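*Asks:* Quick one, what's the 3D model for this:
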Amino acid sequence: MSAGIDVGYEYVNARLRAMRSRLLQRTEFEQLLAAPNLEALIGQVDQSQYHDALEQSLVTSAGLDAILRAVQIDHGAILRRIAAFGGETIAPALGILLAPYHRHNIVVLLRGVSARAGPERILPWLFALPPFSEGMLAELARQATARSLVDLLAQWRLPTDELAGSLVAALPAGPNLRQLVTAFDLAWAESTTRQAAALPGSDGNLVRLDLVRSLDLHNLLLALDLHEVELARPAPWLAGGWLSPEALERLRTAADIQAMDMVLDAAREGEFWRQSLAQWDDRRLTTLQHGWESTLFHWRVSLFSEADPLGVGVLIAFLAAKGAEVRNLRLIAEAVAGNIGRDEARAYLLLGD
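*Replies:* Numbers count the residues shown, from 1 in each chain. Next comes the predicted model:
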């Protein structure tokens, strides 16, 4: 079924629910994490729904890279399939829901090129979704400097003319990675929020709620990253969330969990994030980070059962569930490769069951 056909959410959501039944479950993640080595892990992945993607990735990759590439190939194919069978029914909402993938591509490219990681290390982490093609991503990843990368993004107007322009405007200060990422993020949040505001009806309200909570999560994680750090200038909070810059700054400088709880208790919609504070007991900020990520994830997948069955909620839920599967497989592959501990990987899996 080609894009542009209005099929209705009844059809779309039936397809998504069928696709959900093929997602990996907790027991399967545990079996994969128990693989003794990468060769065994590849054998297990080959027996899963990732067989075709793995077969394709093994043509050019091996070991850990082959698994990461297979996960990327499968994820991109799933997202493109959804766009195709959803047609005009989901196109406006899907454009907003896929906007984080466009942001992800730009940030990964900026960081990878700045670190001179090389295309072989950058490409497995990118998503070939319109307006990005695989050929475009490969050429972008081959750029030698951040400046040449920004010039090419501007030439190709990626991901939009406006967002490419935000990077060009940041260049006069020098190709400073932090400045470039911050400039892009601020422009991306403003642009995406503006697009979401145009979506009508209850579906538009739900997509905006998802975006607002996503922006709040970004800002909360930034607050943890900059916790009690002396800053020369205000933190680059993304606009569009419900948590105000003032509340985020108080959270960033909070001395203890009680102070954090008081900030969220007084903030608009802060209650949504407070439950993670109540469960945070080992004082590691990474644990709280995972708690907040899990909070948003569990709300999203709850939409499978709680949202209008003929609305956008099932799409939001499926995208979250598939995204978590991708994240989990990458964590497991890194753990089996010995790059992180298996217990650490297990602790940071996102599980919906």
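
*Asks:* The nearest residue to Ala35 once chain neighbours are set aside - how many residues pack around it?
*Replies:* Closest residue in space to Ala35, ignoring its immediate chain neighbours: Leu41 at 3.9 Å, by CB to CB, 6 or more residues apart in numbering. Backbone N, C-alpha and C define where each C-beta goes, glycine included. Counted with other CB atoms under 10 Å, the neighbours of Leu41 add up to 25.

*Asks:* and what of the one 4 residues further on?
*Replies:* The number of residues packed near Val45 is 23, by other CB under 10 Å.

*Asks:* residues contacting it?
*Replies:* Contact partners of Val45, counting by CB atoms under 8 Å, 6 or more residues apart in numbering, are 32, 51, 54, 67, 70, 329.

*Asks:* same thing with Ala347?
*Replies:* With CB under 8 Å, 6+ apart, Ala347 has these contacts: 287, 290.

*Asks:* try 10 Å this time
*Replies:* Listed by CB atoms under 10 Å, 6 or more residues apart in numbering, the contact partners of Ala347 are 286-287, 290, 331, 341.

*Asks:* Over to Ala144?
*Replies:* By CB under 10 Å, 6+ apart, the contact list for Ala144 reads 113, 116.

*Asks:* before we move on, what SS does it have?
*Replies:* coil (DSSP: H, G, I helix; E, B strand; the rest coil).

*Asks:* Check the spacing between it and Leu167 real quick.
*Replies:* 16 Å (CB to CB, to the nearest Å).

*Asks:* and the residue nearest to Ser276 when sequence neighbours are not counted, what element?
*Replies:* Counting by CB to CB, 6+ apart, Ser276 lies nearest to Gly291, which is 3.3 Å off, once chain neighbours are set aside. Counting by DSSP states H and E, the element that carries Gly291 is helix 285-306.

*Asks:* For that helix, name the packing helices and strands.
*Replies:* Judged by 3 or more CB pairs under 10 Å, 6 or more residues apart in numbering; DSSP states H and E, helix 285-306 is in contact with helix 9-20, helix 201-225, helix 271-278, helix 313-336, helix 342-347.

*Asks:* switch the cut-off to 6 Å
*Replies:* Applying 3 or more CB pairs under 6 Å, 6 or more residues apart in numbering; DSSP states H and E, one finds that helix 285-306 contacts helix 201-225, helix 271-278, helix 313-336.

*Asks:* Buried residues in it, which are they?
*Replies:* Neighbour counts over helix 285-306 (16 or more other CB atoms under 10 Å) mark 288-297, 299-301, 303-304 as buried.

*Asks:* Of the helices and strands packed on helix 285-306, which stretch is the most buried?
*Replies:* The highest mean neighbour count among the helices and strands packed on helix 285-306, using mean count of other CB atoms under 10 Å, belongs to helix 313-336: a mean of 22.

*Asks:* which residues touch that helix?
*Replies:* 13, 16, 20, 23-24, 29, 32-33, 35, 38, 41, 64, 67, 71, 75, 78, 90, 97, 206, 210, 297, 300-301, 303-304, 307, 340, 342, 345, 349-350, 352 (CB atoms under 6 Å, 6 or more residues apart in numbering).

*Asks:* I figured Asp74 hits Ala53, correct?
*Replies:* Yes. Using CB atoms under 6 Å, Asp74 is in contact with Ala53, at 4.0 Å.

*Asks:* any chance of the helices and strands packed on helix 285-306 in TSV, plus mean pLDDT and distance to Leu248?
*Replies:* As requested, the helices and strands packed on helix 285-306 are exported to TSV (pLDDT from 0 to 100; distance: least, CB to CB, whole Å):
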stretch	mean pLDDT	distance to Leu248
helix 201-225	97	5
helix 271-278	92	11
helix 313-336	98	24
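
*Asks:* Can I get these in a markdown table including distance to Asp161?
*Replies:* Shown next, in a markdown table, are the helices and strands packed on helix 285-306 (distance: least, CB to CB, whole Å):
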| stretch | distance to Asp161 |
| --- | --- |
| helix 201-225 | 21 |
| helix 271-278 | 35 |
| helix 313-336 | 26 |
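
*Asks:* Trp188 is nearest to which of the ones you listed?
*Replies:* Ranking the helices and strands packed on helix 285-306 by proximity to Trp188 (CB to CB) places helix 201-225 first, at 10.1 Å.

*Asks:* Can you work out which other helices and strands pack against the closest one?
*Replies:* Applying 3+ CB pairs under 6 Å, 6+ apart, we find helix 201-225 packed against helix 177-197, helix 245-252, helix 285-306.

*Asks:* Let me have these in CSV, extended by distance to Val150.
*Replies:* Formatted as CSV, the helices and strands packed on helix 201-225 follow (distance: least, CB to CB, whole Å):
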stretch, distance to Val150
helix 177-197, 7
helix 245-252, 27
helix 285-306, 30
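
*Asks:* which one of these lies closest to Ala239?
*Replies:* In terms of CB to CB, the element of the helices and strands packed on helix 201-225 nearest to Ala239 is helix 177-197, at 5.6 Å.

*Asks:* for the closest one, packing partners?
*Replies:* Using 3+ CB pairs under 6 Å, 6+ apart as the contact definition, the elements that helix 177-197 packs against are helix 99-114, helix 161-170, helix 201-225.

*Asks:* Leu221: what's its closest spatial neighbour, skipping adjacent residues?
*Replies:* Nearest to Leu221 is Gln289, by CB to CB, 6+ apart, at 5.8 Å.

*Asks:* From Leu296, how far off is that neighbour?
*Replies:* Taken as CB to CB, the span from Gln289 to Leu296 is 12 Å.
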